[in-house]
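# Could you work out the structure for the sequence below:
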Amino acid sequence: MVIRYFSLSGLVDSRGGAVDSAIQKYQALVECVRAGSISAAARTLDYSQSGVSRMIADLEREWGIQLLERGRRGARLTADGEQILPFVEAICEDHRRLRERVAEVSGAQTGTLVIGTFSSVATHILPPVIERFQEEHPGIEYELRMGDYSEIESWVADGLVDFGFLPYPPQVPKEGLVREPVLTDELLAVVPEGHPLAKRARISLADLCDEPFILLERGCDNEVSPLFDHAGLRPHSRLATWDDYAIMSMVENGLGLSILPGLILSRCPYRIEKRPLDPPARRELAVVHREGRLSTAARAFLDCLKTTI
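Numbers count the residues shown, from 1 in each chain. The predicted model follows:
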């Protein structure tokens, strides 16, 4: 079924049919009145004179009234035309504003990007990307929602954020979500300055089980425990927190050893040492979004992200 809606601007059907031909006729009428003749209007609009004449004639036939009086001195509005012209001008102006707004939206020039993220991404990845993206999209605003991995995934699935950042493993994307890899982040052993393990080029998981261990976790979100489980080891974990910087401070003060993502350690203000694990361990950081639901602005931002980091 096709539903049609009538207005002076023409017919638009429920399938999204365009009325550009009607708008062209209205613009031709407005320009004829402004320029004072059909020939002058044709030159301005870059149409043929016969084409403009035909458009005016089409309007007069469709509406059943004479709009213009043609003569040697040009064309001027009839009494009926004077009553109609303000409405036609309004339609042309609305159409111009509509096209500008469509261009803004399709060009990702305005709006708000809502991003689900966590501390290391918000601190070390997003700032340079936002800075670069703003250069070409100054009208975009940003809302960063900080959460744990489960929260971020739920926000994406429920449409509360445009997209979210998640590590893999441990997360496995829910059905209906698309994963786009961003970067690979190495997991590193963290020990205090001057610790005997700091003399080694690499540190094994078994070495980390000999002393108190500080676990990076929040609820069921835990990137480190699966490493020990796979190796058949159990660290002496007495402290657990989701705050990366709190762990660095605790390690600095000799409260234990830990494993942290290399991304968060790229700017470390604490007196600690970081070493690769033996065997190496990595996580994949990815952007997750609902399939087929990315806005133009979000897609443009992700493209910028991939060429920035």
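# Domains in the protein, by residue range?
Taking automatic domain parsing as the domain assignment, the ranges for the chain are 4-106, 111-182+286-308, 183-283.
# Each with direction, which strands does the biggest strand by length in the chain pair with?
Among the elements of type strand in the chain, defined by DSSP state E, the one spanning the most residues is strand 272-290. In its sheet, strand 272-290 lies beside strand 163-168 (antiparallel), strand 177-192 (antiparallel), strand 203-204 (parallel), with partners assigned from DSSP bridges.
# related to what we said a few turns ago, which stretch in the domains of the chain has the least confidence?
For the domains of the chain, mean pLDDT drops lowest on domain 4-106, to a mean of 81.
# and after the longest strand of the chain, which helix or strand comes next?
helix 296-308 (DSSP states H and E).
# In terms of secondary structure, what does that next one contact?
Under the contact criterion of 3 or more Cβ pairs under 8 Å, 6 or more residues apart in numbering; DSSP states H and E, the helices and strands touching helix 296-308 comprise strand 111-117, helix 126-136, strand 177-192, strand 272-290. All C-beta atoms are positioned from the backbone trio N, CA, C, and that covers glycine.
# if we can go back for a sec, could I get the strands paired with strand 272-290 as a markdown table with mean neighbour count and distance to residue 212?
Putting the strands paired with strand 272-290 into a markdown table (neighbours: other Cβ atoms under 10 Å; distance: least, Cβ to Cβ, whole Å) gives the following:
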| stretch | mean neighbour count | distance to residue 212 |
| --- | --- | --- |
| strand 163-168 | 24 | 25 |
| strand 177-192 | 18 | 12 |
| strand 203-204 | 19 | 15 |
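# export these to TSV and tack on distance to residue 123?
What follows is these, written out as TSV (distance: least, Cβ to Cβ, whole Å):
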stretch	distance to residue 123
strand 163-168	12
strand 177-192	13
strand 203-204	25
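# Compare these and give me the one nearest residue 229.
For the strands paired with strand 272-290, distance to residue 229 was read as Cβ to Cβ. The smallest value, 14.3 Å, belongs to strand 177-192.
# Would you state the strands of this protein in chain order?
4-7, 10-13, 68-71, 74-77, 111-117, 140-146, 163-168, 177-192, 203-204, 212-218, 221-222, 236-241, 257-261, 272-290.
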